[in-house]
Every structure is written in structure tokens, then in C-alpha cells.
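**Q** Generate a structure from the sequence data that follows.
(chains A and B)
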Amino acid sequence: MSATVLETATPVHQTVRTPDPDARPVRLRAEDVSVFYGEKQALFDVSIDIPEKSVSALIGPSGCGKSTFLRCINRMNDTIEGCRVTGSILLDGESLYDPALDVVELRARIGMVFQKPNPFPKSIFENVAYGPRIHGLARNKTDLEEIVVTSLQKAGLYEEVKDRLNQPGTGLSGGQQQRLCIARAIAVGPEVILMDEPCSALDPIATAIIEELIDELRANYTIVIVTHSMQQAARVSQKTAFFHLGRLIEEGPTEEIFTNPREKRTQDYITGRIG
Amino acid sequence: MPSNDHIVTSYTDELTELARAISEMGGLVEKAIVNATDALIRSDTELALATVAADKKVDAMQSQIDEMAVSIIARRQPMAQDLRLVIASIHVANDLERIGDMAKSTARRSTQIEGLAMSSQFKNGLRHMGELALRQVKLALDSFATRDKDMAVEVVERDTEVDALYVSLFRELLTYMMEDPRNITMCTHLLFCGKNLERVGDHSTNIAEQAYFLATGRPLTADSEDLKREQIKS
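**A** Got it, this is the predicted structure:
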């Protein structure tokens, strides 16, 4: 009985939600997602709808669980020893944690861009061509070339690298490398793109270029971005979710979250107050 | 005042200073209304001229508040209630500056009707209107300083009292003018003075709307439909 008492003694957490009257249809839905690293619980019952063809930003202090949540979306946590995910995440109504699901195929549908640009130690062309090739998306060389060129164009990098596609990707500047990684993610035709602090290693100009790119990409992709920069979340996203100590505290339209948050913890965090 | 402190204390200091500047400017404007009304009723030219001169300080404070607000936006990127305070302060400073102008205009006109007789009944009417306008300004500034949304709504609702007084003043002046065309010059000046005080009430309403926005994050106009419905219920 004592165990029951302990459980009910924890206050029931309720996420504050501000509905968006102009929200696009839901693409991705998380229901009661909890994540455990061994004994330690890192994420507590997170439920959130991610609308299609828009940018959703996850914000919160370090260790709040936002990156952990992001990594659940393409099952990257599977690769971590002792990590256990409960609850469900649905992409177009289908469970991502269905045992029958091919994880490699899933990661083609849900692309990811990391904090530090991580191009393969190969040519610019090969960086982008690698994914389509292993997923068998191109029938011949011409097909593959076309995919590489359109992906680089969509990532806003083509004009800058078209004369040196055979040079190593690692020779590009930081911002260019990040756009190369975005091109690489786009090349396999994903539906969702996850971005884990994609601009934290970039200067303001390179950041602005990536932000402009994110804004263009949302016409065709569902984007979820984790960022430490609240200004960036305010600039690029349409929906914002605030995480704190492993819980989703508040979510709503970005404009509401940054002008009139309803939950005190959100308010304290975004205004830079001691919580 | 900010509810609790920012991690960066100088940021809290700047927002506190902004709110303090609004209070100071509000104080100057309140004094200007009192002086302008007194100068008018007592035909006190010296006080009138001093009131006109004092408006320079009000104008200077508006520029100062604007500069502070711009600086905070540029350097701090305020969010949520901080952003609302900065934006509302710009609006309030603008309305206070206009109220200052109304007081200045009233004071200036009072020097031009010096020596002309006003009935004591009419003087009382003007005095009462000045008091009402002043009360509106005070209440609006209090609601802003304390972020009291109910007080802000009260200001908006009570604006009709000032308006009603202006209408009765207008009718009275009209009869004087019809009685004797020689009264027209004086009555026109007085009519403008009444109109000035009526407009002080309007600017107070604007300030109260900013106070409401500051407190709730919602515009008062969008909420007013709900308010009306609540009032009908109660």
C-alpha cells in the first residue's frame, strides 16, 4: 500500500495548452511519452500534436527533456543502452514504435539535422547522394544527379558549390556544412525534419541563412526544432512547446507563448527570470 | 513593477526605471491639469504662463521614455509581460504628452479671457469637470502602475461622466452666446477649454486600455464584449 501512497503523492501534472485556431492538420502525435534511462526517468507523459507543414519549436533549459523528446521521434533513443520509451508516437496515425516497422525506412521519412554540422568525409556530391543510393531512390546516374542538385537547391547551397561538387564536404564553412546536412536530409524525401539546435555553432549571418531556409522548407516539410535561442524559436516557429524538468509545461501558438504565456514557469523562463 | 527579478539585475533595473519614469511624467501631467483649471477659474495669468512653460518638461520626458523603450528593445529583446510593459509605456507616454498639451492649451486660453465675467455656477461646472478629468487620469495611471485590470475597466466605463458634463457645458455656453453675441469670443474659448478636459478623459481611457493590456495580455476592446455580457448578467 505504501507504494500506492507514494505514487498519488506526486502532483498530477497538467500541460497548459493554448489552441491555435489556424492550426494545420496534425502530422505527428505524441501520447503520454515517457523516457527512462535505466532507473532514471527523463521524460514524463508528454502529449503533443505537431501540425504538418509548419515549424514547431521545443524550448526549455538544459536537461529539460526537449532533445530526449526529439530523439524519440525518429527512434534515435533505441540506440542508447538501457533507454526505454513508453507511450506512443504516431506519424499519420501509425505508431512509430510498431515492432514491425523498419527503423531504417522510418529514419528516411523522418530526417534529422544535428547541432554540429557532421558531413561525411566524402565529396559534397557523395554526402547528398549517399542516402538516396542506399534507399534505392535513384534508378540511374542521371536520376541520382538530379536528386543531388534539387536537394542542394532546396537547401539553398547549390549556387555556392555547383563548381566544386567533387571537393570534400568538410572543406565548406560551418553554415555551408549545415546546409549540406539539410540537403542530405532532404535527399531521401522525408516528411518530417528534426533539427537539434541547428544554428548553435553558427555565426549570426549563417544563422539567418538557415532560418530563412527553415522558413522556405516549411512549405513542404513538417519541422520540429530544438533551440536554446528563444529569439530563434520566436522567429522561425509557428508553434512553441516549453519543457521543464522532463515535463511539457506549456504549448501553444508561438505568438501567444512569447507575448502572453499562461504558465508562470514559461513566463519566468522566456523573460529571463529566476524560476 | 516586475513580479520577480531577472537573472540579469540591470535588466530589472531598467524596467523599474521605465515604470518610474511613467509615474513621474504622470505626476507632472496631473499637476498641469490642476494648474490649468485653477488658472482658468481664478483668471490667474501668472499660473497660466507657468503651466505653459512647464509643458516643456513633459515633452522632454516623452522623448526620454521613448529612448529608454527603444534601448530596452534593442539590447534586451523583452518577452511576455516585459515586452508588454515596454510597448505600453510608449503608448502611455504618448497619451500623457497629449494630456499635457490639453492642459497647456487650456492655460493659454485662460489668459485670453481674463477680465471677462464668468458666472459662479459656470465656474463650478468647469471645476467639477477638471476634477473628473483629473480623477480619470489618476485612476488610469494607478491601474497602470498596479496592473489592476478591474480599475482599468472602471476608467473606461466612467469616461461617459466626463462626456456628459461636456455636453451640458456646451449647452450652457450656447445659451450665453444666443443671449448676447458679445459673449461669443469668451464662450468659444471656454468651449475649447471644456473640450480639452473632455479629451483628457479620452486619453485617460487610452491609458487604461494599455493598463488592461499590460495586466492581461489581451486588448480591452477584444474583451469588452465579454465584459458587457458579464455586466448584463450581474
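**Q** quick check: mean pLDDT across the helix or strand encompassing B:Lys56?
**A** Per DSSP states H and E, B:Lys56 falls inside helix B:45-76. Averaged across helix B:45-76, the pLDDT comes to 96.
**Q** Give me the helices and strands touching it, please.
**A** helix B:9-42, helix B:80-112 (3 or more Cβ pairs under 8 Å, 6 or more residues apart in numbering or on different chains; DSSP states H and E). Heads up, the C-betas are built off the backbone N, CA and C, glycines and all.
**Q** Please list the residues of the stretch 151-275 of chain A that sit near chain B.
**A** A:230-231, A:234, A:258-261, A:267-268, A:270-274 (Cβ under 8 Å from any Cβ of the partner chain).
**Q** at 6 Å instead, please
**A** Contacts of the stretch 151-275 of chain A with chain B, taken as Cβ under 6 Å from any Cβ of the partner chain, map to A:Gln231, A:Phe258, A:Asn260, A:Pro261, A:Gln267, A:Ile270, A:Thr271, A:Gly272, A:Arg273, A:Ile274.
**Q** Now list the buried members of those.
**A** Buried by 16 or more other Cβ atoms under 10 Å in any protein chain shown: A:Phe258, A:Asn260, A:Pro261, A:Gln267, A:Ile270, A:Thr271, A:Gly272, A:Arg273, out of those.
**Q** Let me know the closest of the residues of the stretch 151-275 of chain A next to chain B to A:Asp203.
**A** Distance to A:Asp203, by Cβ to Cβ, is smallest for A:Gln231 among those, at 15.0 Å.
**Q** Chain A contacts on chain B?
**A** So far as Cβ under 6 Å from any Cβ goes, chain B lies against chain A at B:Asn4, B:His6, B:Ile7, B:Gln77, B:Met79, B:Ala80, B:Asp82, B:Gly217.
**Q** who wins for neighbours among those residues?
**A** If you count neighbours using other Cβ atoms under 10 Å in any protein chain shown, the busiest of those is B:Asp82, which has 24 neighbours.
**Q** Find the nearest non-adjacent residue to it, please.
**A** Using Cβ to Cβ, 6 or more residues apart in numbering or on different chains and skipping residues adjacent in sequence, the residue nearest B:Asp82 is A:Thr271, 5.1 Å away.
**Q** Enumerate every residue touching that neighbour.
**A** A:Thr271 sits next to B:Met79, B:Ala80, B:Asp82 when contact means Cβ atoms under 6 Å, 6 or more residues apart in numbering or on different chains.
**Q** and of those, the nearest to B:Asp13?
**A** Distances from B:Asp13 to the contacts of A:Thr271, taken by Cβ to Cβ, are shortest for B:Asp82, at 12.7 Å.
**Q** quick one: the closest one from B:Asp66, how far?
**A** Distance from B:Asp82 to B:Asp66, counting by Cβ to Cβ, to the nearest Å: 17 Å.
**Q** now swap in A:Val226 and tell me
**A** Distance of A:Val226 to B:Asp66, given as Cβ to Cβ: 37 Å.
**Q** And the strands in chain A, which stretches?
**A** For chain A, the strands defined by DSSP state E cover A:16-17, A:26-37, A:40-51, A:55-59, A:83-91, A:94-95, A:110-113, A:192-196, A:222-226, A:239-244, A:247-253.
**Q** want to throw those into TSV with distance to B:Ala60, mean pLDDT and mean neighbour count?
**A** Shown next, in TSV, are the strands of chain A (distance: least, Cβ to Cβ, whole Å; pLDDT from 0 to 100; neighbours: other Cβ atoms under 10 Å in any protein chain shown):
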stretch	distance to B:Ala60	mean pLDDT	mean neighbour count
strand A:16-17	43	94	16
strand A:26-37	54	96	18
strand A:40-51	49	96	19
strand A:55-59	40	97	26
strand A:83-91	59	94	17
strand A:94-95	66	93	12
strand A:110-113	52	94	22
strand A:192-196	48	96	23
strand A:222-226	45	97	25
strand A:239-244	40	96	26
strand A:247-253	40	96	23
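**Q** Nearest to A:Ile147, out of the ones you listed?
**A** Nearest to A:Ile147 among the strands of chain A is strand A:110-113 (13.9 Å), distances taken as Cβ to Cβ.
**Q** Show me what the closest one is packed against.
**A** helix A:174-187, strand A:192-196 (3 or more Cβ pairs under 6 Å, 6 or more residues apart in numbering or on different chains; DSSP states H and E).
**Q** In chain A, what residue comes closest to chain B?
**A** Here chain A gets closest to chain B at one residue, A:Asn260, 3.0 Å apart by Cβ to the nearest Cβ.
**Q** one step back: I'd like the buried ones among the residues of the stretch 151-275 of chain A next to chain B as TSV, with pLDDT appended.
**A** Below are these laid out as TSV (pLDDT from 0 to 100):
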residue	pLDDT
A:Phe258	94
A:Asn260	91
A:Pro261	94
A:Gln267	93
A:Ile270	93
A:Thr271	92
A:Gly272	91
A:Arg273	89
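**Q** Please narrow those residues to those residing in helices.
**A** Judged by DSSP state H, the subset of those located in helices is A:Phe258, A:Gln267, A:Ile270.
**Q** check contacts around A:Ile131.
**A** Quick fix: residue A:131 reads Gly, not Ile. A:Ala187, A:Val188.
**Q** run the last query once more with 7 Å
**A** A:Arg184, A:Ala187, A:Val188 (Cβ atoms under 7 Å, 6 or more residues apart in numbering or on different chains).
**Q** Any regions of chain B where pLDDT drops low?
**A** The model of chain B has pLDDT under 70 over residues B:1-3, B:114-117, B:222-234.
**Q** Just the closest residue of it to chain A, please.
**A** For chain B, Cβ to the nearest Cβ, closest residue to chain A: B:Gly217, 3.0 Å.
**Q** coming back round to it: turn the helices and strands packed on strand A:110-113 into CSV, including distance to A:Pro51.
**A** Shown next, in CSV, are the helices and strands packed on strand A:110-113 (distance: least, Cβ to Cβ, whole Å):
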stretch, distance to A:Pro51
helix A:174-187, 20
strand A:192-196, 11
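**Q** So which residue is smack in the middle of chain A?
**A** Centrality entry for chain A: nearest residue to the mean C-alpha point is A:Leu194, 2.4 Å, by Cα atoms, centre = their mean.
**Q** Just give me the neighbour total for residue 175.
**A** Defaulting to chain A. 22.
**Q** Hmm, no, I was thinking of chain B.
**A** 10.
**Q** List phi and psi for it.
**A** phi -70, psi -40 (degrees, to the nearest 10).
**Q** mind checking how far stretch B:72-80 is from the chain centre?
**A** 27 Å (Cα atoms, centre = their mean, to the nearest Å).
**Q** re earlier: these two touch, right, the residue nearest to the centre of chain A and A:Val224?
**A** Yes: A:Leu194 is within contact range of A:Val224, at 5.2 Å (criterion: Cβ atoms under 7 Å).
**Q** For these two, list the residues in contact with both.
**A** Common neighbours of A:Leu194 and A:Val224 (Cβ under 7 Å, 6+ apart) are A:Leu70, A:Ile73.
**Q** which residues sit in contact with residue 47?
**A** All of this refers to chain A. A:Ser47 neighbours (Cβ under 7 Å, 6+ apart): A:Thr15, A:Ala30, A:Glu31, A:Asp32.
**Q** oops, chain B please
**A** B:Leu47 neighbours (Cβ under 7 Å, 6+ apart): B:Asn35, B:Asp38, B:Ala39.
**Q** Alright, calling it a day.
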